[in-house]
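>>> Turn this into a model:
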Amino acid sequence: MKPIKSIERLTAAFRKLPGVGPKTAWRYAMSLVDADDETAREFCDAILSVKREVHRCIKCGNYTEDEICETCLTRDNSVICVVAYPKDIPPIEKTGFGGVYHVLGGTFSPREGRGIDDLRVAELVERMKGVKELIIATNPDLEGEATALYIATKFRKLYPDVKITRPAQGISVGSEMEFMDEATLTRAFSSRREM
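Model (predicted):
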């Protein structure tokens, strides 16, 4: 049977998404093939809309449809939680955290060609006026730990009166924030430790 190029192309597009293997990509593609035109149009419109309307908050770097996100406008700015990516924020939100965030845009990773200067550390320095606590919530893997150590060391010298903490107990080494359950994250945040 001759392959259908448009289905192969759609399957290949789904495979580019994280965590989507060949079988899942094929199922997604077939689901859209079987969908009515209105459903397919809604799906395409949703993708185009998110690409047009969503951008980074100019303060924290999280995703928003506004210039400054609601979190930055309405939350306690004296506690900043530093994360690597916007995808790390939703699970932390479930813990009841009431401060603001700062998205670095990655972690220090020479293996991937990403240095400290490629991260939004300078922007974090600009936000430190009035900050009482800096929570460094990068993943507990090699890159996340190296990034956390760098920030803690730098900011301890620049801001000796600011409490610098890291989520503790409950997060296993090699875990990723976006996949953690609410109970584990809540426990980790309630028992965070000073660095």
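>>> Flag the shaky bits of this structure, pLDDT-wise.
169-173, 183, 187, 191-193, 195 (pLDDT under 70).
>>> Remind me what the helix or strand where residue 23 lies packs against, helices and strands.
Using DSSP states H and E, the element containing residue 23 is helix 22-34. The elements that helix 22-34 packs onto, with contact taken as 3 or more C-beta pairs under 8 Å, 6 or more residues apart in numbering; DSSP states H and E, are helix 5-15, helix 37-53. Quick note: C-beta positions are derived from backbone N, CA and C, even for glycine.
>>> quick check, distance from the last one to the centre of its chain.
To tie it back to what came earlier, the one meant is helix 37-53. 23 Å (C-alpha atoms, centre = their mean, to the nearest Å).
>>> And for it, what's in contact with it?
32, 35, 65 (C-beta atoms under 8 Å, 6 or more residues apart in numbering).
>>> ok, which stretches of this protein are helices?
Remark: helices assigned in the chain by DSSP state H are 5-15, 22-34, 37-53, 70-74, 89-93, 121-126, 142-158, 182-190.
>>> domains of this protein?
Using automatic domain parsing, the domains assigned to the chain come out as 5-53, 59-194.
>>> Pick the most buried one from those.
domain 59-194 (a mean of 17; mean count of other C-beta atoms under 10 Å).
>>> Now the terminal residues of it, how far apart.
Start-to-end span of domain 59-194 (C-alpha to C-alpha, to the nearest Å) is 25 Å.
>>> That domain: how far from the chain's middle?
The answer for domain 59-194 is 9 Å, by C-alpha atoms, centre = their mean.
>>> who's in contact with the closest residue in space to residue 79 that isn't next to it in sequence?
In space, and not counting its chain neighbours, residue 79 is closest to residue 99: 3.2 Å by C-beta to C-beta, 6 or more residues apart in numbering. Counting by C-beta under 8 Å, 6+ apart, residue 99 touches 75, 76, 77, 78, 79, 80, 81, 133, 135.
>>> before we move on, back to that, nearest to residue 113, out of the helices of the chain?
helix 142-158 (12.2 Å; C-beta to C-beta).
>>> helices or strands up against that closest one?
helix 121-126, strand 133-136, strand 163-166.
>>> neighbouring contacts of the second one?
Yep, that's strand 133-136 we're talking about. By C-beta under 8 Å, 6+ apart, strand 133-136 touches 78-82, 99, 128, 147-148, 151-152, 155, 159, 162-167, 189, 192, 195.
>>> Please list all residues in contact with residue 127.
Residue 127 touches 59, 77, 80, 102, counting by C-beta under 8 Å, 6+ apart.
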